[in-house]
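>>> coordinates only, sequence not included:
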């Protein structure tokens, strides 16, 4: 894994780092995660898209399932 980009105290990961962080495959990331994420451009390499690590962590949270009887 490469060294993540840190700007203004926030950590950013490129696509391959994001996929590794989430433990998913490339197609699954593109289909299920990427559309929900804000994209950022690397200040050093303009063709590199970055994702905020905190956004990835938010998408990767475990959410309890509501009990069907409570509905």
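Sure thing, it's come through. It should be emphasised that the depicted structure is a prediction, and the values quoted were computed from it without experimental measurement. Numbering: from 1, shown residues only.
>>> how about the helices in this structure?
15-22, 26-28, 53-59 (DSSP state H).
>>> residue nearest the centroid of the chain?
residue 56 (3.2 Å; C-alpha atoms, centre = their mean).
>>> Now do the contacts for the closest residue to residue 50 other than its chain neighbours.
Sequence neighbours aside, residue 12 is the residue nearest to residue 50 in space, at 3.9 Å (criterion: C-beta to C-beta, 6 or more residues apart in numbering). Using the backbone N, CA and C atoms, a C-beta is placed for each residue, glycine as well. By C-beta atoms under 8 Å, 6 or more residues apart in numbering, residue 12 lies in contact with 4, 5, 6, 40, 42, 50, 51, 52, 53.
>>> so what's the third one up against?
So that's residue 6. residue 12.
>>> Stretch 28-35 - what's its average pLDDT?
Averaging pLDDT along stretch 28-35 gives 94.
>>> quick one: low-confidence ranges for the protein?
The chain contains residues with pLDDT under 70 at 1-4, 68-71.
>>> at 90 what do you get?
The model of the chain has pLDDT under 90 over residues 1-9, 42-48, 59-71.
>>> Show the residue spans covered by the strands in it.
For the chain, applying DSSP state E gives strands covering 5-7, 10-14, 40-41, 49-52.
>>> and the first one, which strands flank it?
To tie it back to what came earlier, the one meant is strand 5-7. strand 10-14 (antiparallel) (DSSP bridges).
>>> What residues sit buried inside the strand it pairs with?
Judged by neighbour count (16 or more other C-beta atoms under 10 Å), strand 10-14 contains these buried residues: 11, 12, 13, 14.
>>> For the second one, give the beta-bridge partners.
The partner list for residue 12 in beta bridges (DSSP bridges) reads residue 5, residue 52.
>>> can you tell me the distance between the two ends of stretch 39-56?
Taking C-alpha to C-alpha, to the nearest Å, stretch 39-56 runs 11 Å from one end to the other.
>>> Oh, that last question was meant for stretch 39-49, not what I typed.
Note: stretch 39-49 ends 6 Å apart using C-alpha to C-alpha.
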